[in-house]
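K.L.:
Based on what follows, work out the 3D shape:
(2 chains)
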Amino acid sequence: AQSVTQLGSHVSVSEGALVLLRCNYSSSVPPYLFWYVQYPNQGLQLLLKYTTGATLVKGINGFEAEFKKSETSFHLTKPSAHMSDAAEYFCAVSDLGGDDKIIFGKGTRLHILP
Amino acid sequence: GAVVSQHPSRVICKSGTSVKIECRSLDFQATTMFWYRQFPKKSLMLMATSNEGSKATYEQGVEKDKFLINHASLTLSTLTVTSAHPEDSSFYICSAPLVTDNEQFFGPGTRLTVL
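P.N.:
Take a look at the predicted model:
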């Protein structure tokens, strides 16, 4: 069965600094991997996804993530944090594809310091 | 992108009553929809897979008689919380996959508060 571990329930970075949110996954088959963002009392918005092909995936709002099979990781990065990036971020995995059920990590709250 | 709506966005009810939450795919058809539950400051927990024209598939530990799911059409799935109790208070989110995009689209969520 697939699972996702997000290291750090809270991460704080200064505005303009590098954002790094860590995600490790477990899957018995080549996984589909996702990062979602959730603003307070709202639904989820897809930041980016990895299905096949290029392991470095670029998403919206300047975020990107790299699929590293040897490390079973899919860390999310952004070169320069903006105040508007403050939100909850979820890493997720699916064994069967983006249109099948998705298992979420516990989430990481990103705080941006002025 | 595709749009998924939920109604109501917020509901407050008395203990013992039943509450129905609707999930609609507005500009695409979805033979499958998913229902998630999110506790405060917690992750999303998959509750069940809603299948158009057939019974829903529930995740382990989810009471099917408590959380009734009906997927009556290709654009509508409903979740009914029966005989709601305060512990059922939560944020319920649905999603619908768009097969052509290999992606799921999430509704904005429904905040249920049971008094």
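
K.L.:
quick one: secondary structure of A:Ser84?
P.N.:
Here A:Ser84 is recorded as helix under DSSP: H, G, I helix; E, B strand; the rest coil.

K.L.:
Could you look up the SS state of the residue of chain B found nearest chain A?
P.N.:
For chain B, the residue closest to chain A is B:Pro97, as judged by Cβ to the nearest Cβ, at 3.4 Å. Backbone N, C-alpha and C define where each C-beta goes, glycine included. Here B:Pro97 is recorded as strand under three-state DSSP.

K.L.:
Quickly list what it is bridged to.
P.N.:
B:Pro97 has these beta-bridge partners by DSSP bridges: B:Gln104.

K.L.:
so which strand or helix has the residue nearest the centre of chain B?
P.N.:
Nearest to the geometric centre of chain B sits B:Trp35, at 3.8 Å (Cα atoms, centre = their mean). Here B:Trp35 is covered by strand B:32-38, with elements defined by DSSP states H and E.

K.L.:
Check which helices and strands that strand sits against.
P.N.:
In terms of contacts (3 or more Cβ pairs under 8 Å, 6 or more residues apart in numbering or on different chains; DSSP states H and E), strand B:32-38 is packed against strand B:19-25, strand B:44-51, strand B:67-73, strand B:76-81, strand B:90-98.

K.L.:
could I get the ones you listed as TSV with mean neighbour count and mean pLDDT?
P.N.:
Output for the helices and strands packed on strand B:32-38, formatted as TSV (neighbours: other Cβ atoms under 10 Å in any protein chain shown; pLDDT from 0 to 100):
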stretch	mean neighbour count	mean pLDDT
strand B:19-25	21	97
strand B:44-51	21	92
strand B:67-73	17	93
strand B:76-81	21	97
strand B:90-98	24	92
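
K.L.:
Against B:Thr78, how distant is the closest residue to B:Ala56 other than its chain neighbours?
P.N.:
Excluding the flanking residues, the one nearest B:Ala56 by Cβ to Cβ, 6 or more residues apart in numbering or on different chains is B:Ile69, at 3.9 Å. Here B:Ile69 is placed at a distance of 7 Å from B:Thr78 (Cβ to Cβ, to the nearest Å).
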